[in-house]
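Peer 1: Give me coordinates for this.
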Amino acid sequence: MIDTVFDDYIPFCEYFIVPYLLWFPYQILTVLYFIFRNKNKKEYYQLIFNMMMGMTVFLIVSYAYPNVLHLRPSEFPRENVFTDMVRWLYRTDTPTNVLPSIHVFNSLAVHMSLTNCEALRDHKGVRYGSLVLTLLIIMSTMFLKQHSVIDVCCGATLALFGYLFFYPQKAGEEASGMAVERIGRNNRRKHY
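Peer 2: Just a heads-up that it's a prediction; the model follows:
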């Protein structure tokens with residue numbers, strides 16, 4: 001059974017069903033973009049192999065360590081179209097084998113592919129929109145009680161490993177950029 005004390009502090013909020021369900025078109029449209037619109041096939045393979053790696057790890061973990069959540073509310077605090085959608089979700093998606101969260105992992109993998117795409121380098125709206133949607137999707141997994149904080153942390157950690165493995169040149173550039181910035185700050189301090 002997967003849960004933490006932190007999960008008790010996160011309230012149920014049915015409105016998060018909207019970003020939760022937006023996960024599906026977010027994944028599909030991004031993959032279609034990399035297939036049909038982006039001319040850089042390397043970026044397509046980075047995305048696809050990253051997603052395949054994450055989902056394979058998920059299947060192995062689910063087989064070796066079957067897990068379940070008991071976070072879902074027995075009664076909803078409000079009655080509206082959003083709670084009806086959550087009821088439908090609960091009926092179609094059982095709270096089993098939730099570790100690591102594929103919603104979290106795939107959202108981060110897609111976001112990484114979009115932010116590292118050369119063709120989208122100057123499209124800040126796409127990059128910021130992707131970031132906002134990714135964060136809302138991650139939050140939705142916890143506010144809908146579909147995943148625990150542990151699932152989210154494991155999905156994010158898996159995404160970090162995917163980033164380091166499939167985007168090593170970007171990770172190296174960011175690390176060297178941070179190192180150069182620190183050296184510059186230290187040199188300025190020495191002069192004062």
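Peer 1: going forward, measure contacts and count neighbours with C-alpha atoms only.
Peer 2: Will do.
Peer 1: and the nearest residue to Ala119 once chain neighbours are set aside, how far is that from Met52?
Peer 2: If the residues on either side of it in the chain are set aside, Ala119 comes closest to Asn38, at 7.1 Å by C-alpha to C-alpha, 6 or more residues apart in numbering. Distance, Asn38 to Met52, by C-alpha to C-alpha, to the nearest Å: 20 Å.
Peer 1: neighbour count winner among these two?
Peer 2: Remark: of Asn38 and Met52, Asn38 carries more neighbours, 17 against 13, as counted by other C-alpha atoms under 10 Å.
Peer 1: Could I get the average pLDDT for the one helix or strand Asp151 maps to?
Peer 2: In this structure, Asp151 sits in helix 149-166 according to DSSP states H and E. Averaged over helix 149-166, pLDDT sits at 93.
Peer 1: contacts for that helix?
Peer 2: 2-4, 6-7, 46, 50, 53-54, 98-102, 104-106, 108-109, 112, 138, 141-142, 171 (C-alpha atoms under 8 Å, 6 or more residues apart in numbering).
Peer 1: one more time with 6 Å, if that's ok
Peer 2: Gln46, Asn50, Leu99, Pro100, Ser101, Val104, Phe105 (C-alpha atoms under 6 Å, 6 or more residues apart in numbering).
Peer 1: what about the residue nearest to Phe143 when sequence neighbours are not counted, how many neighbours?
Peer 2: What sits nearest to Phe143 in space, not counting adjacent residues and going by C-alpha to C-alpha, 6+ apart, is Phe12, at 4.9 Å. Per other C-alpha under 10 Å, the neighbour tally for Phe12 reads 19.
Peer 1: Kindly report the same for the one 4 residues further on.
Peer 2: Using other C-alpha under 10 Å, Phe16 is surrounded by 20 other residues.
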